[in-house]
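J.: take this sequence and fold it.
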Amino acid sequence: MNHNHIAALLISITAFSLSLDRAMAQDSGAMKSMPGMRTDAAAAPSGSAGAKLGDLDISGGYVRAMLPGQPVGGGYITIHNAGKSDDKLASVTSSSAGKVELHEMKMEGEIMKMREIKGGIAIPAGATVTLAPNTMHMMFKQVKMPFKQGGTVPVMLMFDKAGMVDINLPVVSAKGN
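T.: Residues are numbered from 1 along each chain as shown. The predicted structure follows:
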């Protein structure tokens, strides 16, 4: 990877992170706990999307509007597994993006690090897993048209056991409200 690609990647991450700054300041204590495993489901914007798939209750789904020049978009959702067996969010696809990856952001010392979660996200029986700013989230890459507030982004969530479900995530402000 040459220096121009590294610089472009750092600018992209910075632009994405800047849109999360306010939430990061409010949620700094939660970053020290296990990402995504929360009993206090993150506050989703009003009008967020939801669905039911077998034992899985999916709620609070939304994406943030993209800032000018921002090459990636972030998406968030809460999944509650009311069943007696574990499941896994294996992958996410969207016709609005060439690729959707599952990512995790966490503090390592004083540095916020983001990485792709390979192999999916476990949804343990009886647990609620929240994909929210500054923790686990959906990263939309190769976006065909920037996400604009007031629009929707179609996604297909694929689970190992429950199967798949289509859901339209509303696009909220880049600030998340």
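
J.: using the three-state scheme, assign the residue nearest the centre of the chain.
T.: Per CA atoms, centre = their mean, the C-alpha nearest to the average position across the chain is that of residue 137, at 2.3 Å. Classification of residue 137 by DSSP: H, G, I helix; E, B strand; the rest coil places it in strand.

J.: equivalent analysis for residue 51, please.
T.: Residue 51 ends up strand, using three-state DSSP.

J.: in contact with the closest residue to it other than its chain neighbours, which residues are there?
T.: Spatial nearest neighbour of residue 51, excluding adjacent residues (CB to CB, 6 or more residues apart in numbering): residue 58 at 4.5 Å. Just so you know, the C-beta spots here come from the backbone N, C-alpha and C atoms, and that holds for glycine as well. With contact taken as CB atoms under 8 Å, 6 or more residues apart in numbering, residue 58 is in contact with 49, 50, 51, 52, 77, 78, 79, 80, 157, 165, 167.

J.: okay, those in a markdown table with neighbour count and distance to residue 143 next?
T.: Shown next, in a markdown table, are those (neighbours: other CB atoms under 10 Å; distance: CB to CB, whole Å):
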| residue | neighbour count | distance to residue 143 |
| --- | --- | --- |
| 49 | 19 | 18 |
| 50 | 13 | 23 |
| 51 | 16 | 23 |
| 52 | 12 | 28 |
| 77 | 29 | 18 |
| 78 | 21 | 23 |
| 79 | 25 | 23 |
| 80 | 17 | 28 |
| 157 | 24 | 18 |
| 165 | 16 | 22 |
| 167 | 18 | 18 |
